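Student: predicted model and sequence below, questions to follow.
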Amino acid sequence: MEALRSNCELKEPHSWYIFVTTGALGLVLGHPFDTVKVRLQTQTTYQGIIDCMVKTYRHESLLGFFKGMSFPIVSIAVVNSVLFGVYSNALLALTATSHQERRAQAPSYTHVFIAGCTGGFLQAYCLAPFDLIKVRLQNQTEPRAQPGSPPPRYRGPVHCAASIFQAEGPRGLFRGAWALTLRDTPTLGIYFVTYEWLCHQSTPDGQNPSSATVLVAGGFAGITSWVTATPLDVIKSRMQMAGLEQRAYRGLLDCMVSSVRQEGLGVFFRGLTINSARAFPVNAVTFLSYEYLLHSWG
Ligand SMILES: C[N+](C)(C)CCCC[C@H](N)C(=O)O
């Protein structure tokens, strides 16, 4: 993160803010889709996307879709900087070429994959506690506190973090972190390989990809990596919820086996459609701002 940050401060500091702001903007716009996804993956009360949307809107109003958004907003700058910072530095170490040189001398996809996996592995650990709190809050289906009605279990992100900490200690905040790491390490390798490959396909050798290419390649990179990540995403979300419902799984495998036994293999694709719809725009703008950031490094 510091490497990414100090590099941009040299030339155009505002490109750093654009990178952070577009990340946050994408996150806000994508959050309602994310909430529906998480609910479909962890609750069995919904018949499908529309049913989940209608029920959420009826019981909780539009605000229901935005539950659990504040911690991700706070953490997105750190998480994206770790991911993209580690990725570009790992690629630099592996290929010994700067970003500019890399256009003329494209890195091998193996190097891109390894750099992406490294970034994915490290960002997963920063993401884990924030993601846990997000998922717990997104799954609270109570309407906003009304006088007389019982308050929801968690009053907000800080209360949620504090309650988990009190009940389970610091390790509790990393519930599901292992599944998250397994989800993100290979699939972020796939993410960057898809992006580089699509850019390479539609850009003449030695030239920078156009903005339109970056948007489309970024969007598809998001979809491809989410398609491959969905099975472990479902397991991760279920393990994060498990401590709450006393349905503690013995581990990742146990969660997989019991989910498949009860719901069939289709369980691994829960939330895929809605998540893909979210992934395209979110990752299109993420890559556009990342490329912009890299250009301003010079
Ligand atoms: C690796 N995995 C598929 C999990 C995520 C890839 C895209 C990450 C992006 N911040 C997003 O939220 O879409």
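Tutor: Perfect, thanks for sending it. Numbering: from 1, shown residues only.

Student: tell me how many other residues surround the residue lying closest to residue 240 once chain neighbours are set aside.
Tutor: Spatial nearest neighbour of residue 240, chain neighbours left out: residue 176 (3.9 Å); criterion: Cβ to Cβ, 6 or more residues apart in numbering. (Glycine included, C-beta is placed from N, CA and C.) Residues near residue 176, counting by other Cβ atoms under 10 Å, number 24.

Student: OK, contacts around the closest residue to the ligand within the stretch 1-150 of the chain?
Tutor: For the stretch 1-150 of the chain, the residue closest to the ligand is residue 120, as judged by Cβ to the nearest ligand atom, at 6.3 Å. Counting by Cβ atoms under 8 Å, 6 or more residues apart in numbering, residue 120 touches 83, 184-189, 191.

Student: redo these as CSV? Include secondary structure, pLDDT and neighbour count.
Tutor: As requested, these are arranged in CSV below (DSSP: H, G, I helix; E, B strand; the rest coil; pLDDT from 0 to 100; neighbours: other Cβ atoms under 10 Å):
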residue, secondary structure, pLDDT, neighbour count
83, helix, 94, 28
184, helix, 97, 28
185, helix, 98, 18
186, helix, 98, 18
187, helix, 98, 21
188, helix, 98, 27
189, helix, 98, 25
191, helix, 98, 31
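
Student: ok, and which of those reach the ligand?
Tutor: The subset of the contacts of residue 120 within reach of the ligand, by Cβ under 6 Å from any ligand atom, is 184, 187-188, 191.

Student: closest to residue 106 out of those?
Tutor: Distance to residue 106, by Cβ to Cβ, is smallest for residue 191 among these, at 17.2 Å.

Student: wait, isn't that closest one in contact with residue 221?
Tutor: Yes: using Cβ atoms under 8 Å, residue 191 is in contact with residue 221, at 5.1 Å.

Student: shared neighbours of the two, anything?
Tutor: Residues touching both residue 191 and residue 221 comprise residue 283, with contact defined as Cβ under 8 Å, 6+ apart.

Student: max pairwise distance over the contacts of residue 120: which two?
Tutor: Put simply, by Cβ to Cβ the two of the contacts of residue 120 set farthest apart are 83 and 186, 14.1 Å from each other.

Student: now do the contacts for the residue of the stretch 51-200 of the chain found nearest the ligand.
Tutor: Per Cβ to the nearest ligand atom, residue 187 is where the stretch 51-200 of the chain lies closest to the ligand, at 3.9 Å. By Cβ under 8 Å, 6+ apart, residue 187 lies in contact with 120, 225-226, 228-229.

Student: let's go with 7 Å and repeat that
Tutor: By Cβ atoms under 7 Å, 6 or more residues apart in numbering, the contact list for residue 187 reads 120, 225, 228-229.

Student: closest one of these to residue 294?
Tutor: Residue 294 has its nearest neighbour among these in residue 120, at 18.9 Å by Cβ to Cβ.
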